[in-house]
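# I need the structure of the sequence given here:
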Amino acid sequence: MSNDDSLDPIRLWREWFVKSEKAWSDTLTEMMGDENFSRGMGRYMHEALHTHRMFSESMAQYLANLNIPSRGDILDMSDRLAHIEETLNHIQVELRSQRAQLTKLAAGAPEAGARKRPARTRTAEPNPT
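This next block holds a predicted model:
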């Protein structure tokens with residue numbers, strides 16, 4: 001192997017890459033700094049957004065004609081379902097709380113079948129026969 005670094009292909013490639021990257025960066029920076037470029041990009045973005053809006057509206061109309069829910073319909077239904085699930089969770093928590101209170105009340109009160117009866121103080125009289 002030669003100790004000559006001038007023919008090192010990796011070093012040559014790296015130098016070319018760095019110089020090329022700097023040249024592209026300078027050119028693009030200069031180009032983007034131009035007012036015409038900014039106006040052109042603004043027009044392009046405006047047209048792209050308009051095209052996207054038109055496509056979305058026509059697709060929604062197409063899906064409505066086929067009686068297929070659109071993305072917005074599915075998202076609305078998802079929101080409503082999430083609200084229903086949240087409400088059910090609140091009801092479930094409330095039922096558990098009510099059940100715990102009923103259990104506490106039942107533990108402190110005598111059972112329904114074990115009502116207190118009056119004391120039997122009457123004595124049996126002898127049979128006169």
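# after the helix or strand containing residue 12, which helix or strand is next?
Applying DSSP states H and E as the criterion places residue 12 in helix 9-32. Later in the chain than helix 9-32, the nearest helix or strand by DSSP H and E is helix 35-65.
# show me what that following helix is packed against.
Helix 35-65 sits against no helix or strand, with contacts defined as 3 or more C-beta pairs under 8 Å, 6 or more residues apart in numbering; DSSP states H and E. For the C-beta atoms, the positions are set from N, CA and C on the backbone; glycine is no exception.
# okay, the angle between the helix holding residue 12 and helix 35-65?
For helix 9-32 against helix 35-65, the angle by axes from the mean of the first three to the mean of the last three C-alpha atoms, to 10 degrees is 90 degrees.
# gap between helix 9-32 and the chain center?
Relative to its chain's centre, helix 9-32 lies at 43 Å (C-alpha atoms, centre = their mean, to the nearest Å).
# low-confidence ranges, the protein, go.
Low-confidence segments of the chain (pLDDT under 70): 1-6, 109-115, 126, 128-129.
# again, only this time at 50
Along the chain, segments meeting pLDDT under 50 span 1.
# how is this protein divided into domains?
9-68, 69-108 (automatic domain parsing).
# looking at those domains, which is nearest to residue 124?
Ranking the domains of the chain by their distance to residue 124 (criterion: C-beta to C-beta) puts domain 69-108 first, at 37.6 Å.
# so which of the domains of the chain comes closest to residue 116?
domain 69-108 (15.2 Å).
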